[in-house]
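Student: Curious how this folds, go ahead:
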Amino acid sequence: MFIPDLKGFGENASMEYPYSLSDYLDSVKEYMYKSGIKTPHVIAHSFGARIVIKGASEDENLFDKLVLTGAAGLKPKTTVKKTVKKAVFFLAKKFVPREKLKCFYSSDYLSLSPVMKESFIKIVNEHLDDRLYLIKNRTLLVFGENDLETPLYMAKKLNAGIKSSSLIVVKDAGHFCFIDKSAKFNVEVREFLLS
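Tutor: Down below sits the predicted model:
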């Protein structure tokens, strides 16, 4: 089993420049090459699933089976609340110093280093909706029914877009369903990978 720390995360914290999603995919490919990994099964959560979606859509032989949990990368639904908040932010930033606009940023964004903030902006603005149909790998989607980060409408969109996919919704679980309901998650993933 291989569990790499990506640039900006874990023990690989230093980052020379703001990475794009393509930079992260290149670093995963380099890690696989240096580790002698060929066509592995992949279990990826949230941001990691973004990288896997991009990689699998570009090369169906890069990975074998995919398990995507709490997968990010799809364009979020536009709501009236989000539209108003965005309009207020763009107006306010013309007149108000940036440090006074913290209420508009997510806690994830605020906790990042300056270089990671630039990377974050690049990555969240790249939507992968139009790449789903290119994925040929057998894929298991596992989402918590109470996931607020990547809600169930995203899981259903992934399921509809990736032809060889199946979706399992884990009851009483959130974005980290593999922690919230680890036994259920492990049984489903094991069965899928061994089938």
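
Student: A72: neighbour count?
Tutor: 22 (other Cβ atoms under 10 Å). Placement of C-beta: from N, CA and C, glycine included.

Student: pLDDT value on it, please?
Tutor: The per-residue pLDDT reported for A72 equals 96.

Student: And for the one 4 residues further on?
Tutor: Looking at P76, its pLDDT is 90.

Student: Ramachandran angles for it?
Tutor: For P76, the backbone dihedrals (degrees, to the nearest 10) come out as phi -70, psi 150.

Student: And K156, by the same measure?
Tutor: According to degrees, to the nearest 10, K156 has phi -70, psi -40.

Student: would you list every one of the strands in this structure?
Tutor: Ranges of strands in the chain, per DSSP state E, are 42-45, 66-69, 139-144, 165-170.

Student: Of all these, which one is nearest P114?
Tutor: strand 42-45 (25.3 Å; Cβ to Cβ).

Student: Give me the sheet partners of that closest one and which way each runs.
Tutor: Paired neighbours of strand 42-45 in the sheet (DSSP bridges): strand 66-69 (parallel).

Student: ok, back up a step: for the strands of the chain, state which one has the densest average packing.
Tutor: strand 66-69 (a mean of 27; mean count of other Cβ atoms under 10 Å).

Student: contacts for that strand?
Tutor: 41-46, 49, 52-53, 56, 135, 137-143, 158, 177-178, 185, 189, 192-193 (Cβ atoms under 8 Å, 6 or more residues apart in numbering).

Student: Please, where are all the helices along this structure?
Tutor: 21-34, 47-58, 80-92, 107-110, 114-124, 152-161, 177-180, 182-194 (DSSP state H).

Student: Not counting stretch 47-61 itself, show me its contacts.
Tutor: 6, 21-22, 24-25, 28-29, 39, 42, 44, 62-63, 66, 68-73, 123, 128, 131-132, 134-137.
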